[in-house]
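J.: dropping the sequence and predicted coords here.
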Protein chains: 2
Amino acid sequence: MALKDAVAAARNEEGIAVVVAAVKARFGDRAQTGQTFREQHGHTTTYLPTQAPDAVVWPETTEEVSEIVKLCAANRVPVVPFGVGSSLEGQVNAPAGGICLDMARMNKVIVIDADDLDVTIQPGLTREELNVHLRDTGLFFPIDPGANATLGGMAATRASGTNAVRYGTMRDNVLALEVVMPDGSIVKTAKRAKKSSTGYDLTRLMVGSEGTLGVITALTLKLYGIPQAISGGICTFPSLDAACRAVIMTVQMGIPVARIEIVNALQMQAINRYNKTDYPEQPCLFLEFHGSETGVAEQAELFGEIASELEGGPFSWTKVAEERAKLWKARHNAYHAAEALAPEKKALSTDACVPISRLADCIAETEQDIADTGLIAPIVGHAGDGNFHTLVLIDMNDPDEIERAEGFIERLARRAIAMDGTITGEHGIGQGKMAYLREELGGAVDVMKAIKTALDPLNIMNPGKILPA
Amino acid sequence: MALKDAVAAARNEEGIAVVVAAVKARFGDRAQTGQTFREQHGHTTTYLPTQAPDAVVWPETTEEVSEIVKLCAANRVPVVPFGVGSSLEGQVNAPAGGICLDMARMNKVIVIDADDLDVTIQPGLTREELNVHLRDTGLFFPIDPGANATLGGMAATRASGTNAVRYGTMRDNVLALEVVMPDGSIVKTAKRAKKSSTGYDLTRLMVGSEGTLGVITALTLKLYGIPQAISGGICTFPSLDAACRAVIMTVQMGIPVARIEIVNALQMQAINRYNKTDYPEQPCLFLEFHGSETGVAEQAELFGEIASELEGGPFSWTKVAEERAKLWKARHNAYHAAEALAPEKKALSTDACVPISRLADCIAETEQDIADTGLIAPIVGHAGDGNFHTLVLIDMNDPDEIERAEGFIERLARRAIAMDGTITGEHGIGQGKMAYLREELGGAVDVMKAIKTALDPLNIMNPGKILPA
């Protein structure tokens, strides 16, 4: 995928005209065709050029979603579901135009089942809004991608974040979905039981399908009790390799670490500059432990022993909420801190994920590649999962820099594949990584295509995403 | 599904004759057509009548599996994958005849990646064999259905067991699969990274598909460090309701219980008779905790407090391996203990799974139903998941008792559905529960059928399972 051009697709002008007129007549102010609205819904946090839809519609019910999808199916017009637009690989672009379904008005908590540790919600609710709703229940939802994304969008892209090493990803935390299928039919993928062996796992098929198989209209999610105690801290290491070896030992010893984030030296520099802190500017792990009072102390101390064995540390940790908040603010600001290294440039966030035994090699080779290519690209990662991000800062007016960045991203994807890893741990394929999907998965892509064709024979659901033509 | 008759399907005699002759010529002694072999591979632990395949073949490589599937596809002959035959709902029956693929010779450990806590194996390896292999690594694979099933079969039926409350089911513990698709092509569903967002989750689609979408020929599985300490014990309660409330509180408090098994009074009676033990014959929980020395003590003590609040207990627990082994032997023998209540009858094991808030109601109504119906049917369950089994003892020569059992099973399935639960938590659909699949999942069944037709247009992969015609 070249950064400068997203692939455009043939537009069905006639069908689009019919559908746009119909949704305007039917939904009034809840259907907008102004350029600003349209561009806002194509151009988001992706680095790819904007491909705006022809109209944006704000449905309020599952039945309305079904009605719109049926209308689009009858006229062979694309449907692009939209959360807050924080996806990173062009997932909300509309290369063949069509209708953007902005789920913002479907943001209700339907029911909290506290005894069962689950909640059923509409897809437009964001993860932070959900946790605010849960405030008085003693429960929380742990999955935390960088953005305050909608939970529908997070399910659609199989998102995860810093807590995944302990709590899993959206794959593990969606119990059931309601989905409007490409023919407008409304399907529930599962009941509310914690496990089931009834037929094909449609829940997991929909999670990560990026809107290409249907529109998620309700989700039942797992919840967790807020831990009795939390401890956390930061630990420096003499090398990335030592930091990665500490991660492997932590996971192998079964320390149930809740967060174990790796940050490279350049990113630590960026953090210090941005937050006016004075952390050592060398490879670090940011850690958090959840459990009982004695449990989190025990975990932190065990980790400290591992760190000192690897000549890292000393590991100073705390149970004090304010101190932990400061620490994690620095980590969560990593994206903005990195951007601030070259504010005139555009930040392109990419990710890869490898078996943790290969993480040190993969990051080291990537750092060398960055140095060789002359790019500015700090690295942070969810080390416990072998997943890391590089934020490549690109001057979009410099064709040479764009080309070097493209080459870097391609080599990163291939490096991950060569290490038995994946081209994306949590961002998804969208438009940006279509070119590498077959390199990673070979003939499995044909199986995906067969499923796509079977469920969406008209190819109206978010066309031009995931599956290369 | 009537117990007395499994649905037979039209046989393609001509194609079968061609394929049987071909596999005999090609595989020699590794292809058998004698009645004993054939019946052994249809008639297993299921209560359903035997429907034998026409030949049993023992492939030794993925390429051989591919070759056989291609041969069957060319002649439109069914392929039925076979592990050890411990599935419970007729999954290995061959209603339209065809070729049984016995995976027993594909039972190698391909590679243990200890640093990454994963292992890649062939599908015919059993779970106990895997754990023997892992003995010197400090790692183990936790999923433990009642039988010593093959790991390929466990993936195919999305099996779980007593540890699922802590470690998840096969859904959560398969990282990647190699699958021979219905056209004979060989597909790898994922790389070895711990998480990924690359396209549709084919791994999870294959897990639980019961051989209807392809033949699993290799699996990469997650492993876990053997806990530093394990504690366990048994705790009686004045009522099933109190026991279930203890389960809910345990889960809600975030006690990371590794096993929390419920056993009803009749099953405790059976256990005492069978093992010559003298446990109180009232509702009990069997528990196990994994963690550090202090962690497992803390967990056990916390649970003890919960139990005493609900007038259960006293909860006596132990870290001594021999005592724990005795305890779990009693629990694991539950099936045979129940059978021994009426050795002349046939045991039919069925399962259901509901949100844990409904578990007490569901078991209580089920006990009442058993009493009303006059059946002998003790109950054990994986309470932390809301999953329970009834072992219905049936005199297969008594048409009236068969009819009562059928009515009971149907009511149990409908009761689970009405409580927002599922007709099977871990046994799968097979032939036995096809009739209730649509009652549980409605239009989702049509989505499954569309996928089946797309991937297996000739309907040769384990036909007559999961999806009602």
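T.: Yep, that arrived. Numbering: from 1, shown residues only, chains lettered A, B, ... in the order given.

J.: excluding its backbone neighbours, what's nearest whichever residue of the stretch 151-300 of chain A sits closest to chain B?
T.: In the stretch 151-300 of chain A, the residue found nearest to chain B is A:R204; the distance is 3.4 Å by Cβ to the nearest Cβ. To be clear about C-beta, it is placed using only N, CA and C from the backbone, and glycine gets the same treatment. Distances taken as Cβ to Cβ, 6 or more residues apart in numbering or on different chains put B:R204 closest to A:R204, at 3.4 Å, once the chain neighbours are dropped.

J.: which stretch of helix or strand covers the one you found?
T.: Using DSSP states H and E, B:R204 sits within helix B:202-206.

J.: any residues touching that helix, and which ones?
T.: Contact with helix B:202-206 is made by A:171, A:200-201, A:204-205, A:444, A:447-448, A:451, B:155-156, B:171, B:174-177, B:179, B:187, B:189-190, B:213-214, B:216, B:451, as judged by Cβ atoms under 8 Å, 6 or more residues apart in numbering or on different chains.

J.: which of the residues you listed fall in helices?
T.: A:R171, A:R204, A:L205, A:A444, A:V447, A:M448, A:I451, B:A155, B:A156, B:R171, B:I451 (DSSP state H).

J.: so A:R11 is in which element?
T.: Using DSSP H and E, A:R11 sits within no helix or strand.

J.: please apply the same query to the one 3 residues further on.
T.: Mapping A:E14 onto the secondary structure by DSSP H and E places it in helix A:13-27.

J.: give the buried residues for that helix.
T.: A:G15, A:I16, A:V18, A:V19, A:V20, A:A22, A:V23, A:K24, A:F27 (16 or more other Cβ atoms under 10 Å in any protein chain shown).

J.: can you give me the offset of it from its chain's centre?
T.: 32 Å (Cα atoms, centre = their mean, to the nearest Å).

J.: which element follows that helix toward the C-terminus?
T.: Going down the chain from helix A:13-27, the next helix or strand is strand A:31-32, by DSSP H and E.

J.: with just CA atoms, put the longest helix belonging to chain A into PDB.
T.: Assignment by DSSP H gives helix A:399-418 as the longest helix of chain A. The C-alpha atoms that make up helix A:399-418 are tabulated as PDB, following Å, rounded to 0.1, in the frame of the first residue of the first chain:
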ATOM      1  CA  PRO A 399       8.400  12.300  -1.600                       C
ATOM      2  CA  ASP A 400      11.700  10.800  -0.600                       C
ATOM      3  CA  GLU A 401      10.800  10.500   3.100                       C
ATOM      4  CA  ILE A 402       7.400   9.000   2.100                       C
ATOM      5  CA  GLU A 403       9.200   6.400   0.000                       C
ATOM      6  CA  ARG A 404      11.600   5.600   2.800                       C
ATOM      7  CA  ALA A 405       8.700   5.300   5.200                       C
ATOM      8  CA  GLU A 406       6.900   3.000   2.800                       C
ATOM      9  CA  GLY A 407       9.900   0.800   2.500                       C
ATOM     10  CA  PHE A 408      10.300   0.700   6.300                       C
ATOM     11  CA  ILE A 409       6.700  -0.400   6.800                       C
ATOM     12  CA  GLU A 410       7.000  -3.100   4.200                       C
ATOM     13  CA  ARG A 411      10.200  -4.400   5.800                       C
ATOM     14  CA  LEU A 412       8.600  -4.300   9.200                       C
ATOM     15  CA  ALA A 413       5.600  -6.400   8.000                       C
ATOM     16  CA  ARG A 414       7.900  -8.900   6.300                       C
ATOM     17  CA  ARG A 415      10.200  -9.100   9.400                       C
ATOM     18  CA  ALA A 416       7.300  -9.900  11.600                       C
ATOM     19  CA  ILE A 417       6.100 -12.600   9.200                       C
ATOM     20  CA  ALA A 418       9.600 -14.100   8.900                       C
END
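
J.: so what touches it?
T.: Here helix A:399-418 makes contact (Cβ under 8 Å, 6+ apart) with A:2-4, A:348, A:350, A:352-354, A:362, A:365-366, A:369-370, A:373-375, A:377, A:390, A:392, A:394-396, A:422-423, A:433, A:436, A:439-440, B:191, B:193.

J.: filter the residues you listed down to the buried ones.
T.: For these, buried by 16+ other Cβ under 10 Å: A:3, A:348, A:350, A:352-354, A:362, A:365-366, A:369-370, A:373, A:375, A:377, A:390, A:392, A:394, A:422-423, A:433, A:436, A:440, B:191, B:193.

J.: so which helix or strand takes in A:G208?
T.: Short version, using DSSP H and E: A:G208 is in no helix or strand.

J.: how far away is the nearest residue to it once chain neighbours are set aside from A:L117?
T.: Spatially, and ignoring its direct neighbours in sequence, A:G208 is nearest to A:R158 (3.4 Å; Cβ to Cβ, 6+ apart). A:R158 is 21 Å from A:L117, where distance means Cβ to Cβ, to the nearest Å.

J.: same deal with A:A21?
T.: For A:A21, the distance to A:L117 equals 47 Å [Cβ to Cβ].

J.: what about the residue lying closest to A:H41 once chain neighbours are set aside, which SS state?
T.: Closest residue in space to A:H41, ignoring its immediate chain neighbours: A:C100 at 4.5 Å, by Cβ to Cβ, 6+ apart. Assigned with DSSP: H, G, I helix; E, B strand; the rest coil, A:C100 falls in the strand class.

J.: where exactly do the strands run in the stretch 201-350 of chain A?
T.: According to DSSP state E, counting those that start in this stretch, the stretch 201-350 of chain A carries its strands in the segments A:215-222, A:224-225, A:229-236, A:257-263, A:284-291, A:316-318, A:346-353.

J.: ok, back up a step: neighbour-wise, which of A:R158 and A:L117 wins?
T.: Neighbour count, other Cβ atoms under 10 Å in any protein chain shown: between A:R158 and A:L117, A:R158 has more, with 29 against 23.

J.: the more buried one: what's it in contact with?
T.: Contacts of A:R158 by Cβ under 8 Å, 6+ apart are A:T169, A:M170, A:R171, A:V207, A:G208, A:E426, A:G428, B:S196, B:S197, B:D201.

J.: A:G153: how many residues sit nearby?
T.: 29.

J.: got it, and A:T137?
T.: Close neighbours of A:T137, defined as other Cβ under 10 Å, add up to 14.

J.: so it touches A:I112, yeah?
T.: Yes. Between A:T137 and A:I112 there is a contact under Cβ atoms under 8 Å: 6.3 Å.

J.: list residues touching both of these two?
T.: Here A:T137 and A:I112 have A:L223 as joint contacts, going by Cβ under 8 Å, 6+ apart.

J.: near chain B, which residues of the stretch 351-469 of chain A show up?
T.: Neighbours of chain B within the stretch 351-469 of chain A, by Cβ under 8 Å from any Cβ of the partner chain: A:353-357, A:385-387, A:416-417, A:420-429, A:433, A:437, A:440-448, A:450-455, A:466-467.

J.: ok, the residue nearest to A:N107 when sequence neighbours are not counted - how many residues close by?
T.: Computed as Cβ to Cβ, 6+ apart, the closest residue to A:N107 that is not its neighbour in sequence is A:G124, at 3.9 Å. Counted with other Cβ under 10 Å, residues neighbouring A:G124 total 25.

J.: quickly find the element holding A:G124.
T.: Under the criterion DSSP H and E, no helix or strand holds A:G124.

J.: what sits against it?
T.: Contacts for A:G124 (Cβ under 8 Å, 6+ apart) come out as A:G83, A:D102, A:M103, A:A104, A:R105, A:M106, A:N107, A:T150, A:G152.

J.: what are the phi and psi values for it?
T.: The phi and psi values for A:G124, taken as degrees, to the nearest 10, are phi -80, psi 0.

J.: any idea how far it lies from A:E426?
T.: 21 Å.

J.: do A:Q51 as well
T.: 23 Å.

J.: neighbour count winner among those two?
T.: Neighbours of A:Q51 and A:E426, each counted by other Cβ under 10 Å, are more numerous for A:E426; the result is 28 against 23.
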